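Q: Return a 3D structure for these sequence lines:
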Amino acid sequence: MNPVDKWIQLETRRQFFSQAGKGLGVAALTSLLGQELPADDASQPAGGVLGAGHFPARAKRVIWLFMAGAPSQLDTYDYKPGMQEWFDEDLPPSVRKGQRLTTMTASQARFPIAPSMFKFPRQGECGKHVSELLPRIGSMADDLAFIHTMWTEAINHDPAITYIQTGAQIPGKPTLGSWISYGLGSLNRNLPEFIVMNCEPRGQALYSRLWGSGFLPSSHAGVAFRDTGDPVLYLSNPGGVDQKTRRLMLDRLQAMNRNVYAQLGDPETQTRISQYEMAFRMQSSVPELVDASDEPQHVLDMYGGDVKKPGTFAANCLLARRMAERGVRFVQIFHRGWDHHNSLPTNIRRQTKEIDQPAWALVQDLKQRGLLEDTLVISGGEFGRTIYSQGTLTKTNYGRDHHPKCYSVWLAGGGIRGGSTHGETDDFSYNIARDPVHIRDLNATILHQMGIDHERFTVKHRGLDERLTGVQEKSRIVKEII
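A: You can find the predicted model right below:
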């Protein structure tokens, strides 16, 4: 049920007005519904339930580059040179500490240590060691804040991705983008507040609930853009229907929906009205957004040779920058294929080649346009990988199993302190040595940069004051990287 229903506990509009004299007026309902009540001027921003937030924000928008499948921190950002001496030695029980294993390696006779075969040159004035696989990302180390001590309780992909997206391993709760959309509203009502782009299919399946709105109004769910046909399903009018006819149809439909709302008072009816209007406006705004023909050649060159291929990470990064320019509040790009249980050296070379230049270009493009100051960019996956090899280990080939106890992410812009590194793992990148950061802490920090106090941002649902970072769990802001 919609949380607004829970708050006012009304079944009909008549019941609302019968209780309005008890202290809840029309203005309060308008505030609760946020942007569900259509504004007269659709070109103006529409606020969410928090208005401008709890305190001044450092970031207005978020771009999350989600590496689905879990990249190996050992081969990208968490430099462990001492492991070279441990090649093919068994992982000591004192390091493993009886930690949970997946069924894919629990039956292995031994757990041979597989040091990364890649070099880690120092990068930037901060001297950060970054894998040779990511030379361009490494070159902007002074713009990035690295967290090496991310951790989660989930050890398998679906619950882990669901967890970091929604704050719970069990599906059904709102995602981070939906919470931000609901709380802060729109910067441009001609475009969705929350847009999702999936790169070319490869690896673990992803489900629409990963950008769903859960118990929040459905208008705050992510809108998935496609790389073939209309960017959004049914964006174009069907044959024989022109824009004038479409407008007339929507006006009639809106009148019927308003009649239904007057009788039943279901806020989801208001959501339908607003979404139909949004779809109508998107018929003009989305084609302009996705048409990159106006981009200068030197900008296209920044993103690399794949930028003109729809559905590639490069093309989606360029679109993310265009969305940020136009005020889209939350953009998420899912890049799949990081689940390297075997043949990791071959597979990770392909993966890093696809993301290295476009991710660098996105940050630098935002920076040169003055947008990085208030755009928070995040890159990371759902958990990490093991130091020990899954399957056969050789000097040139190895695989890595899932490892939830420590992994790496990086952040840029939006008030983040560039050139910083937070946390430290043990010599095996198997346990956290200092400064752990739970995935809830990361989400709390993202909300903080957007001007939202994660503890105060709650919605009543089934008798609980639900929040992204959990009802009973304690989370903290990672102030060291701000």
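
Q: going forward, measure contacts between C-alpha atoms and count neighbours the same way
A: Fine.

Q: pLDDT-wise, which helix or strand of this structure ranks last?
A: Using mean pLDDT, DSSP states H and E, helix 26-33 stands out as the lowest-scoring helix or strand of the chain, at a mean of 34.

Q: mean confidence for the helix or strand just after it?
A: The helix or strand immediately downstream of helix 26-33 is strand 46-47, counting by DSSP states H and E. If you average the pLDDT over strand 46-47, you get 76.

Q: List the pairing partners of strand 46-47 within its sheet, with orientation.
A: The strands beside strand 46-47 in its sheet (DSSP bridges) come out as strand 185-186 (antiparallel).

Q: Find out how far the strand it pairs with is from the centre of the chain, if you would.
A: Offset of strand 185-186 from its chain centre (Cα atoms, centre = their mean, to the nearest Å): 17 Å.

Q: Next: stretch 221-228.
A: The answer for stretch 221-228 is 14 Å, by Cα atoms, centre = their mean.

Q: end-to-end on it?
A: Stretch 221-228 has an end-to-end distance of 21 Å (criterion: Cα to Cα, to the nearest Å).

Q: cool, and stretch 422-430?
A: 16 Å.

Q: in that stretch, what's buried?
A: His422, Gly423, Glu424, Thr425, Asp427, Phe428, Ser429, Tyr430 (16 or more other Cα atoms under 10 Å).

Q: Start from the N-terminal end of the stretch 101-250 of the chain and give the helices.
A: 135-139, 157-166, 176-184, 243-264 (DSSP state H, counting those that start in this stretch).

Q: Name the stretch among those that sits most buried.
A: helix 176-184 (a mean of 26; mean count of other Cα atoms under 10 Å).

Q: who does it touch, helix- and strand-wise?
A: With contacts defined as 3 or more Cα pairs under 8 Å, 6 or more residues apart in numbering; DSSP states H and E, helix 176-184 has these neighbours: strand 194-198, strand 330-335.

Q: May I see those strands organised as a markdown table, with mean neighbour count added?
A: Listed next are the helices and strands packed on helix 176-184 as a markdown table, based on neighbours: other Cα atoms under 10 Å:
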| stretch | mean neighbour count |
| --- | --- |
| strand 194-198 | 24 |
| strand 330-335 | 24 |
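
Q: Dump these into JSON lines; add distance to Leu176 and mean pLDDT as well.
A: Listed next are the helices and strands packed on helix 176-184 as JSON lines, based on distance: least, Cα to Cα, whole Å; pLDDT from 0 to 100:
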{"stretch": "strand 194-198", "distance to Leu176": "10", "mean pLDDT": "96"}
{"stretch": "strand 330-335", "distance to Leu176": "9", "mean pLDDT": "98"}
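
Q: before we move on, the earlier item: biggest separation within the buried residues of stretch 422-430, which pair?
A: His422 and Phe428 (17.2 Å; Cα to Cα).

Q: looking at it, Thr175 is touching Thr166, isn't it?
A: Yes - the criterion here is Cα atoms under 8 Å, and Thr175 meets it with Thr166 at 4.3 Å.

Q: Now do the shared contacts for the two.
A: Leu210, Leu468 (Cα atoms under 8 Å, 6 or more residues apart in numbering).

Q: Could you pull up the residues touching Lys479?
A: Thr445.

Q: One more: Gly51?
A: Gly51 touches Gly183, Leu184, Gly185, counting by Cα under 8 Å, 6+ apart.
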